[in-house]
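J.: prediction below, plus the sequence it came from.
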Amino acid sequence: MGDLDLSFFDWALVQNFLLKGLVFSVELTIVAMIGGIFFGTLLALMRLSSHKWLQVPAALYVNTMRSVPLVMVILWFFLLIPFLTGKPLGAEWSAVITFTAFEAAYYSEIMRAGIQSVARGQVYAGFALGLDYSQTMRLIVLPQAFRNMLPVLLTQTIILFQDTSLVYAIGAYDLLRGFTNAGRNFNRPVESFLLATLVYFVICFSLSMLVKRLQKKIAIVR
Amino acid sequence: MIEIKDVSKWYGTFQVLTNCTTSVKKGEVVVVCGPSGSGKSTLIKCVNALEPFEKGEIRIDGLSVSDPSTDLPKLRARVGMVFQNFELFPHLTIMENLTLAQIRVMNRGKEESIEKGLKLLERVGLKAQAPKFPGQLSGGQQKRVAIARAMAMDPMCMLFDEPTSALDPEMINEVLDVMVALAQEGMTMMCVTHEMGFARKVANRVIFMDRGEIVEDTTKEDFFGKPRSERAQLFLSKILQH
């Protein structure tokens, strides 16, 4: 074991190796969050519907996704697409689609709890005013569900950001890949992974502190 | 205006409504009372099909509420309803609560809706509260907003589901005053309530329910003067004692 040498870590390294990776990690997180919440909300509405033909497929999808390790889904999707279409999709696009589809299952459980947290009487009140089902959901139930669940949704997004490091498995250039390449380039893999851990920790820890503060604020307004 | 014919409803095997038949004519004020668990709240929720029922028929202005070809949202828009637990929308301001359905359901312009909202808020004495959120208002104020919200749709009749039961005693009168004024203006009303003072003052008829059945359906003079059924007598003696 030699001593740790962090001298290779400078602005040039950030520019040459890390920035590109960070941008992709953040992009992937944001796109998968927006897409995941959108499709997750649809899945939640399907599961809460009174129609069996909507309920069953949604439940099947959510439970399957939640029972499979994310890295498997990433790998399978990445390998399956060229097999099915004959053309590779590229690691980045493959990651975006996989993460959106995977996270939708988790966000849907959060949204389902959120929708159920809105009192039944609110639905009645919407109906009684002549709003139809979709208006009642869009204008009355979902805004309240979303607000009640905002801290949990954001916490899930922090987990999502951590999980983006798994795109490593299909060779997409994310933040972790940036650190890996830098470590290889300067022959300092241990230091590089140490820094990577630190950066992930700082980002996620400060975000969860922000969520905590937000939670307090929302609790007061309510 | 409202015709209820032979309506029965079950929760699983438990029958909550048994062959309920009655009607409310235009301009009439009908009070529905009875012990808790007697099915009166369920019945009034069946009227605008918020609760489904398995047997019988309910017609509002000639339209059957259980007929799949009836445009329910359109019909409900013309029936005002005030709930026991207010059910104001907590994420919207008082004014937005009043304008939401005017804009989305009646396709009224925004300015016209606000104007209408202000007029109604003034009427219930809450004009100054328009920009606030429901959580900032007292129970009595929220209830008056709920009445104003229903009135904003220019309803042909109003349904009240225990409008005063969730309120502190000192707030009951401010709500009843609004309701009495409405009744005196000739609004058709069906009202589930224990407020016998309200019934005495403005009701045309009183319906007494017990165990899912309509036991008495009579004029208020007859109901308070000489209730025929033992159950209604017992109920009245209990409720009028204090």
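T.: Perfect, thanks for sending it.

J.: any idea which residue is closest to the centre of the chain?
T.: Here I'm looking at chain A. A:Leu160 (3.6 Å; C-alpha atoms, centre = their mean).

J.: you answered for a different chain; I wanted chain B.
T.: By C-alpha atoms, centre = their mean, the most central residue of chain B is B:Phe160, 1.4 Å off.

J.: indicate the residue of chain A located nearest to chain B.
T.: A:Gly130 (2.7 Å; C-beta to the nearest C-beta). Every residue, glycine included, has its C-beta placed from N, CA and C.

J.: what pLDDT does the residue nearest to the centre of chain A get?
T.: pLDDT for A:Leu160: 95.

J.: is whatever helix or strand it lives in in proximity to chain B?
T.: Using DSSP states H and E, A:Leu160 sits within helix A:142-163. Yes. Using C-beta under 8 Å from any C-beta of the partner chain, helix A:142-163 reaches chain B at A:Pro143, A:Gln144, A:Arg147.

J.: now that we have those, which one has the most neighbours?
T.: The most neighbours of any of those, using other C-beta atoms under 10 Å in any protein chain shown, belong to A:Gln144, which has 19 neighbours.

J.: so who does that residue touch?
T.: A:Gly114, A:Ser117, A:Val118, A:Gln122, B:Phe89, B:Pro90, B:His91 (C-beta atoms under 8 Å, 6 or more residues apart in numbering or on different chains).

J.: what strand or helix carries the nearest residue to B:Met187 once chain neighbours are set aside?
T.: Spatial nearest neighbour of B:Met187, excluding adjacent residues (C-beta to C-beta, 6 or more residues apart in numbering or on different chains): B:Met158 at 5.8 Å. Using DSSP H and E, B:Met158 sits within strand B:157-161.

J.: by contact count, what packs against that strand?
T.: In terms of contacts (3 or more C-beta pairs under 8 Å, 6 or more residues apart in numbering or on different chains; DSSP states H and E), strand B:157-161 is packed against helix B:40-47, strand B:79-82, strand B:188-192.

J.: tell me which strands and helices the lengthiest helix in chain B is in contact with?
T.: Assignment by DSSP state H gives helix B:169-184 as the longest helix of chain B. Contact here means 3+ C-beta pairs under 8 Å, 6+ apart; on that basis helix B:169-184 packs against helix B:139-151, strand B:188-192, helix B:196-202.

J.: return the distance of the shortest one from the chain's centre.
T.: Computed by C-alpha atoms, centre = their mean, to the nearest Å, the chain-centroid distance of strand B:188-192 equals 5 Å.

J.: contact residues of chain B facing chain A?
T.: So far as C-beta under 8 Å from any C-beta goes, chain B lies against chain A at B:45, B:48, B:50, B:72-74, B:76-81, B:83, B:85, B:87-91, B:100-101, B:104-106, B:135, B:149-150, B:153.

J.: ok, B:Lys127 touching B:Leu120?
T.: No. Counting by C-beta atoms under 8 Å, B:Lys127 stays clear of B:Leu120, with 9.2 Å between them.

J.: flag every buried residue along stretch A:73-88.
T.: A:Val73, A:Ile74, A:Leu75, A:Phe77, A:Phe78, A:Ile81 (16 or more other C-beta atoms under 10 Å in any protein chain shown).

J.: for it, output the C-alpha coordinates as PDB.
T.: Extracted in PDB, the C-alpha atoms of stretch A:73-88 (Å, rounded to 0.1, in the frame of the first residue of the first chain):
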ATOM      1  CA  VAL A  73     -32.900  -4.600 -16.500                       C
ATOM      2  CA  ILE A  74     -30.200  -2.300 -17.800                       C
ATOM      3  CA  LEU A  75     -28.200  -5.200 -19.200                       C
ATOM      4  CA  TRP A  76     -31.200  -7.000 -20.600                       C
ATOM      5  CA  PHE A  77     -32.600  -4.000 -22.300                       C
ATOM      6  CA  PHE A  78     -29.200  -3.000 -23.800                       C
ATOM      7  CA  LEU A  79     -28.700  -6.600 -25.200                       C
ATOM      8  CA  LEU A  80     -32.300  -7.200 -26.200                       C
ATOM      9  CA  ILE A  81     -32.800  -4.100 -28.400                       C
ATOM     10  CA  PRO A  82     -30.100  -5.000 -31.000                       C
ATOM     11  CA  PHE A  83     -31.400  -8.600 -30.900                       C
ATOM     12  CA  LEU A  84     -35.000  -7.500 -31.700                       C
ATOM     13  CA  THR A  85     -34.400  -4.600 -34.100                       C
ATOM     14  CA  GLY A  86     -31.000  -5.600 -35.500                       C
ATOM     15  CA  LYS A  87     -29.600  -2.100 -34.600                       C
ATOM     16  CA  PRO A  88     -28.000  -1.100 -31.400                       C
END
